[in-house]
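Chemist: got a structure for you, letters missing:
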């Protein structure tokens with residue numbers, strides 16, 4: 001099974017970071033219940049007050065595309081200052097401490 005990980009971060013104005021994270025709570029709850037979603041998180045970074053960490057783990061691109069078609073992401077008026085989110089296609093998975 002090929003797995004996908006979408007991970008990285010966005011930076012938003014510091015005063016708006018917590019609002020940005022909170023706005024995605026419903027979407028994240030729905031995503032975690034979507035077919036093919038193995039995990040997901042949109043969280044405030046503990047070291048950088050402008051940074052929001054993004055993490056998604058999916059069974060396949062088909063699942064990602066199906067989710068994106070119905071996700072209905074919040075339409076926010078919060079600008080990205082920087083962003084670095086990438087998709088990783090994973091060929092092998094094993095416990096990290098073996």
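Modeler: Okay, I see it. Only a predicted model underlies this, so the values are computations on that prediction, with no experimental measurement involved. Residues are numbered from 1 along each chain as shown.

Chemist: so where is the protein shaky, pLDDT-wise?
Modeler: 1 (pLDDT under 70).

Chemist: ok, now with 90
Modeler: Within the chain, the segments meeting pLDDT under 90 span 1-2, 91-94, 98.

Chemist: which stretches of it form strands?
Modeler: For the chain, strands defined by DSSP state E occupy the ranges 3-11, 37-44, 51-58, 82-90.

Chemist: which residues outside stretch 57-65 are in contact with it?
Modeler: Stretch 57-65 is touched from outside by 1-6, 34-40, 56, 67, with contacts defined as C-beta atoms under 8 Å, 6 or more residues apart in numbering. For the C-beta atoms, the positions are set from N, CA and C on the backbone; glycine is no exception.

Chemist: same check on stretch 22-34?
Modeler: 37, 39-42, 56, 63, 66-67, 71-74, 76, 78.

Chemist: chain center to it: distance?
Modeler: The gap between where stretch 22-34 is centred and where its chain is centred comes out at 10 Å by C-alpha atoms, centre = their mean, to the nearest Å.

Chemist: buried residues in it, which are they?
Modeler: Within stretch 22-34, the residues that qualify as buried are 23, 24, 27, 28, 31, 34, counting by 16 or more other C-beta atoms under 10 Å.
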